[in-house]
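[1] Below is the sequence, then the predicted model.
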Amino acid sequence: MSIENTVAVIGGGPAGLMAAEVLSAAGRQVHLYDAMPSVGRKFLLAGRGGLNLTHSEDLATFVTRFGERRAQIEPLLQSFGPEALRAWAQGLGIETFVGTSGRVFPADMKAAPLLRAWLHRLRAAGVQFHMRHRWLGASDAALSPTALRFATPAGEVQAEASAVVLALGGASWPRLGSDGAWVPWLQAHGVAVEALQPANCGFDVGWSEHFSTRFAGQPFKSVAIAFTDGQGRHFARKGEFVATATGVEGSLVYAASGLLRDEIAVRGSATMLLDLLPDRSAEQVHAAVMHPRGSRSLSSHLKSRLGLDGVKAGVLYEVLGRDGVQAGEALSRSIKALPIRLAAARPVAEAISSAGGVRFDALDEQLMARALPGVFCAGEMLDWEAPTGGYLLTASMASGAAAARGVLQRMQESSYKR
């Protein structure tokens with residue numbers, strides 16, 4: 001088959017695999033390259049606790065989860081959104097269900113059966129997989145960015161294609177292949193890239209050794225956090241998170257992580273307010289704190305009247321100090337709004353996902369790099385972020401499909417010109 005019909009997809013995550021599916025279904029010869037020994041490694045990791053494919057909320061609400069990048073992501077989701085993803089999974093023989101949180105999962109909760117079925121279909125469609133091929137950029141001797149170089153265990157090899165889809169991921173979980181090594185090459189070739197930053201990440205607080213030793217790994221359950229940044233953007237939600245040896249992490253913290261991270265970048269720190277008892281009113285808490293305790297210790301009083309013990313009681317002492325906890329009025333206010341100062345986001349390599357990446361103004365409407373005709377970008381390497389809950393996976397796959405459609409349009413236009 002001629003090179004005019006050949007497309008290289010670099011990156012074997014959900015975005016790259018979806019691009020390969022759309023391209024091969026259209027009759028293109030697809031070669032998929034990945035640096036790892038097998039594809040879909042982060043996809044499999046995400047499925048260890050139950051693969052969250054997407055979310056069941058309506059599309060009008062779904063698109064709001066992408067914040068400042070809604071305008072760029074919404075057109076992608078209109079072509080391949082949550083319902084389309086569920087139908088796609090069903091086409092692979094994978095039934096899905098909606099959990100109590102509205103999140104959508106495979107019926108067996110597992111990622112591996114879905115990935116196996118997907119790869120079987122791709123191979124049957126003629127997609128050729130090249131593992132342990134680490135992309136090195138374009139050949140220095142070639143003017144076209146579609147003349148490709150790869151490092152392999154057998155040495156450097158080169159390949160050619162008429163178009164390339166880059167789906168190289170961000171910089172989270174680098175041991176699974178997403179290490180951001182592509183950034184300097186694209187920048188050197190005129191593609192604007194926003195710095196990769198942690199998203200859906202934990203934060204350092206700087207606990208005392210006493211608190212860290214006693215409570216690291218303990219969950220804060222049925223709490224709420226509130227935060228307003230310097231621009232007036234507000235976050236308030238109930239949920240859970242975990243105390244770590246250095247700070248905090250977990251789903252509730254991840255949901256606010258973008259605002260918190262940006263505030264730290266501007267002001268050097270961010271202070272969120274922790275409500276330890278969101279199901280009790282301030283008046284109820286105040287009355288319980290001020291209730292006569294007789295000979296009981298304050299710790300026993302808080303436990304019996306409010307159920308405050310363990311890590312929740314520990315964080316009160318950590319933030320307020322022993323003297324501060326004794327002050328009744330201040331204590332009741334702090335139980336409902338305890339200031340937790342966050343000093344730094346955890347490194348991007350530890351994050352669930354990353355923010356930053358190839359700027360959308362560096363791409364055309366088909367996700368082709370303006371500075372590199374024939375090179376398309378998809379997935380987490382684009383400059384967007386979203387909370388957990390199926391939004392990341394859905395948008396990554398939608399962008400892979402969109403990049404593939406862009407390739408097909410370009411190839412069709414080129415054939416007309418010939």
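    Sure thing, it's come through. Numbering: from 1, shown residues only.
[2] quick one, helices of the protein?
    14-25, 41-46, 59-62, 70-79, 82-91, 112-124, 183-188, 209-215, 251-267, 282-290, 298-306, 310-326, 328-336, 391-417 (DSSP state H).
[3] Go ahead and measure how far the last one is from the middle of the chain.
    With CA atoms, centre = their mean, to the nearest Å as the basis, helix 391-417 stands 22 Å off its chain's centre.
[4] what do you get for the fifth one?
    The chain centroid and the centroid of helix 82-91 are separated by 20 Å under CA atoms, centre = their mean.
[5] relative orientation of that helix and helix 112-124 in degrees?
    80 degrees (axes from the mean of the first three to the mean of the last three CA atoms, to 10 degrees).
[6] Report the buried residues of helix 82-91.
    Pro82, Ala84, Leu85, Arg86, Trp88, Ala89 (16 or more other CB atoms under 10 Å). For every residue, glycine as well, the C-beta is placed using N, CA and C.
[7] Then the first one?
    Buried positions in helix 14-25, judged by neighbour count with 16+ other CB under 10 Å: Pro14, Ala15, Gly16, Leu17, Met18, Ala19, Ala20, Glu21, Val22, Leu23, Ser24.
[8] Next: the last one.
    Using 16+ other CB under 10 Å as the burial criterion, the residues of helix 391-417 that qualify are 391-408, 410-411.
[9] doesn't Val253 make contact with Phe203?
    Yes: in this structure Phe203 lies within contact range of Val253 using CB atoms under 8 Å: 6.7 Å.
[10] any residues in contact with both of those two?
    When contacts are counted by CB atoms under 8 Å, 6 or more residues apart in numbering, Phe203 and Val253 are jointly contacted by Leu260.
[11] Export the buried residues of helix 14-25 to CSV and append columns for pLDDT and distance to Ala216.
    Listed next are these as CSV, based on pLDDT from 0 to 100; distance: CB to CB, whole Å:
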residue, pLDDT, distance to Ala216
Pro14, 96, 33
Ala15, 97, 35
Gly16, 98, 37
Leu17, 98, 37
Met18, 98, 39
Ala19, 98, 41
Ala20, 98, 42
Glu21, 98, 43
Val22, 98, 45
Leu23, 98, 47
Ser24, 98, 48
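[12] Just send these back as a markdown table, with distance to Thr271 too.
    What follows is these, written out as a markdown table (distance: CB to CB, whole Å):
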| residue | distance to Thr271 |
| --- | --- |
| Pro14 | 36 |
| Ala15 | 36 |
| Gly16 | 40 |
| Leu17 | 42 |
| Met18 | 40 |
| Ala19 | 42 |
| Ala20 | 46 |
| Glu21 | 46 |
| Val22 | 46 |
| Leu23 | 48 |
| Ser24 | 51 |
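[13] For Lys238, give the beta-bridge partners.
    Applying DSSP bridges to Lys238 gives these bridge partners: Ala224.
[14] contacting residues around stretch 308-327?
    207-208, 211, 214-215, 218-220, 223, 243, 274, 276-277, 298-299, 302-303, 330-331, 334-335, 338-340.
[15] buried ones in that stretch?
    Leu308, Val311, Lys312, Ala313, Gly314, Val315, Leu316, Tyr317, Glu318, Val319, Leu320, Val325.
[16] again, but for stretch 249-264
    So, applying 16+ other CB under 10 Å, buried residues of stretch 249-264: 249-264.
[17] Same check on stretch 24-32?
    Ser24, Arg28, Gln29, Val30, His31, Leu32.
[18] May I see the residues you listed arranged in JSON lines, with distance to Val289 as well?
    Output for the buried residues of stretch 24-32, formatted as JSON lines (distance: CB to CB, whole Å):
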{"residue": "Ser24", "distance to Val289": "65"}
{"residue": "Arg28", "distance to Val289": "68"}
{"residue": "Gln29", "distance to Val289": "71"}
{"residue": "Val30", "distance to Val289": "65"}
{"residue": "His31", "distance to Val289": "67"}
{"residue": "Leu32", "distance to Val289": "61"}
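[19] out of the buried residues of stretch 249-264, who's nearest Val289?
    Proximity to Val289 was ranked across the buried residues of stretch 249-264 by CB to CB; first place goes to Leu252, at 24.3 Å.
[20] What sits closest to the closest one if chain neighbours are left out?
    Gly239 (3.5 Å; CB to CB, 6 or more residues apart in numbering).
[21] Closest to the centroid, which residue in the protein?
    Ser353 (3.3 Å; CA atoms, centre = their mean).
[22] Check the contact between that residue and Ala171; I expect there is one.
    No: if you go by CB under 8 Å, Ser353 and Ala171 don't touch, sitting 9.4 Å apart.
[23] circling back to that earlier point, so what's the residue nearest to Leu252 up against?
    Gly239 sits next to Val223, Ala224, Ile225, Ser251, Leu252, Ala255 when contact means CB under 8 Å, 6+ apart.
[24] contacting residues for the last one?
    Listed by CB under 8 Å, 6+ apart, the contact set of Ala255 reads Phe235, Arg237, Gly239, Pro387, Thr388.
[25] The second one contacts Tyr254, correct?
    No: no contact is recorded between Arg237 and Tyr254 when judged using CB under 8 Å, the distance being 10.9 Å.
[26] Below-threshold pLDDT in the stretch 251-400 of the chain: ranges please.
    327 (pLDDT under 70).
[27] please redo it, this time with the cut-off set to 50
    Scanning the stretch 251-400 of the chain for pLDDT under 50 picks out nothing.
[28] how many other residues sit next to the closest residue to Ala25 other than its chain neighbours?
    Using CB to CB, 6+ apart and skipping residues adjacent in sequence, the residue nearest Ala25 is Ala125, 6.5 Å away. Using other CB atoms under 10 Å, the number of residues around Ala125 comes to 15.
[29] show me the residues around Ala125 that make contact.
    Counting by CB under 8 Å, 6+ apart, Ala125 has contacts Glu21, Ser24, Ala25.
[30] any idea how far the residue nearest to Leu252 lies from Ile94?
    28 Å (CB to CB, to the nearest Å).
[31] Equivalent analysis for Arg149, please.
    37 Å.
[32] try Pro153
    Pro153 is 34 Å from Ile94, by CB to CB.
[33] Looking at the two, which is more packed in?
    Ile94 (19 against 7).
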